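> any chance you could fold what I've pasted below:
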Amino acid sequence: MTISVFKQRISVAVSQSLKPAWASAQWLLKMMIPITLIVSILNYIGVVHAISSFATPLFNLLGLDGRAALVFVTSILTNIYSAIGVAASLGLDYRSVTILATMCLMAHNLIIESTIQKKTGASATAITLFRILSALSAGFLLNRILPESFSGTLLLPTSLSQPTSVSELFINWLQVTLPLSIQIFIVIICLYILQNILKEFKIINYLTRPLHPLMTVLGLPHSTTFLWIVANTLGLAYGGTVLVSEIKNGRLTSDDVSLLNTSIAETHSLLEDSFLFASIGIGLFWIIIPRLVFSIVTVWAQRGIRRLRRCVSFQPTKG
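This is a model prediction of the structure:
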């Protein structure tokens, strides 16, 4: 491939990224901006304080105050972008956002993503409950692992004065929302460009064989490598059509699909979502490794249970 052809393909990948990136950014911001405004209003009139008081006993076990419940519930019902907007509106500290980042990454956009996984053969209800319980468990363990003094530079407002008037409420909201919106827009464009380059040069295909050792560690059969890469680069929402198509074509057994669904339920979008949280200052270690560890443990546990059932079913009956 000549340099001119390479540049041309890069240019095509970039140009083809701009329109869908703009459309996606508009869709996400149209969802996020009203949500952050609603949260700011709820905070102003005292509803956040009431929710915080109700949720504090549970979230204290996770090292969080009750306000974190709003961030977690927002991620469950919508997406990571909106959850970050809510976290910014509430002015949470670095340690809290780190714990919440892992929780939200494991349990976000459940309505859409559980529906997609259902099309691959999984139970939407089981996947939803599994992801929520995994997220709560991860939060509990991280609270035990991270020291109380754990800190870092969070690229979000961490202390906002309580507004005393409606005008001050809107000023505070704008101070949080405008820079965050610009930041999210830039991140989305970069991600679309990167994803288009991966597809243009078929880099995902080249990664399949080198990642076989990782699949072994993850407890996944090598036949799932391509789909695992798709789910962790394009995500479930964007890569869902590829997943459904590959599975419907019969390239995987039902057992392989079940293991894959368990794994990607906790680790999907390693590229996009990790990049997003890293852009606001959260360390990559804490937003990647816990999810991989949970994925490894749950997949191998599933394989162990499956093997145990086979052993029990093959036991000869006593005559």
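> what segments of the stretch 151-300 of the chain are helices?
Using DSSP state H, counting those that start in this stretch, the helices of the stretch 151-300 of the chain run over 166-200, 203-207, 212-218, 225-233, 235-248, 254-267, 272-278, 284-314.
> for the shortest one, buried residues please.
Going back to what we said before, that points to helix 203-207. By neighbour count, with 16 or more other C-beta atoms under 10 Å as the criterion, the buried positions of helix 203-207 are residue 204. The way it works is simple: take the backbone N, C-alpha and C, and place the C-beta from them, glycine included.
> name the helix or strand of this protein that has the lowest mean pLDDT.
The helix or strand of the chain with the poorest confidence is helix 235-248; it has a mean of 72 (mean pLDDT, DSSP states H and E).
> just to revisit the earlier point, mind telling me which of the helices of the stretch 151-300 of the chain the model trusts least?
Set side by side, those differ in mean pLDDT, and helix 235-248 is lowest with a mean of 72.
> how many other residues sit next to residue 42?
The burial count assigned to residue 42 is 16, neighbours taken as other C-beta atoms under 10 Å.
> any chance of the helices of the stretch 151-300 of the chain in JSON lines, plus distance to residue 62?
Formatted as JSON lines, the entries for those read as follows, by distance: least, C-beta to C-beta, whole Å:
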{"stretch": "helix 166-200", "distance to residue 62": "24"}
{"stretch": "helix 203-207", "distance to residue 62": "35"}
{"stretch": "helix 212-218", "distance to residue 62": "26"}
{"stretch": "helix 225-233", "distance to residue 62": "25"}
{"stretch": "helix 235-248", "distance to residue 62": "25"}
{"stretch": "helix 254-267", "distance to residue 62": "17"}
{"stretch": "helix 272-278", "distance to residue 62": "17"}
{"stretch": "helix 284-314", "distance to residue 62": "13"}
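> to residue 73, which of those helices lies closest?
Smallest distance to residue 73 across the helices of the stretch 151-300 of the chain (C-beta to C-beta): 17.8 Å, for helix 272-278.
> elements contacting the closest one?
Using 3 or more C-beta pairs under 8 Å, 6 or more residues apart in numbering; DSSP states H and E as the contact definition, the elements that helix 272-278 packs against are helix 80-90, helix 94-106, helix 166-200, helix 284-314.
> what lies in contact with whichever helix or strand comes after the second one?
Of the helices and strands lying after helix 94-106 in sequence (DSSP states H and E), the nearest is helix 110-119. Contacts of helix 110-119 from elsewhere in the structure, counted by C-beta atoms under 8 Å, 6 or more residues apart in numbering, are 76-77, 124-125, 127-128, 131-132, 236-237, 240, 243-244, 261, 265, 268.
> highest neighbour count among these?
Across these, the neighbour count under other C-beta under 10 Å reaches its highest value at residue 268, namely 30 neighbours.
> for residue 271, see how far away the residue nearest to that residue when sequence neighbours are not counted is.
In space, residue 268 comes closest to residue 231 once its chain neighbours are excluded; the distance is 4.5 Å by C-beta to C-beta, 6 or more residues apart in numbering. As judged by C-beta to C-beta, to the nearest Å, residue 231 and residue 271 stand 10 Å apart.
> the more surrounded of those two?
Neighbours per residue (other C-beta under 10 Å) separate residue 231 from residue 271, with residue 231 holding more: 27 against 17.
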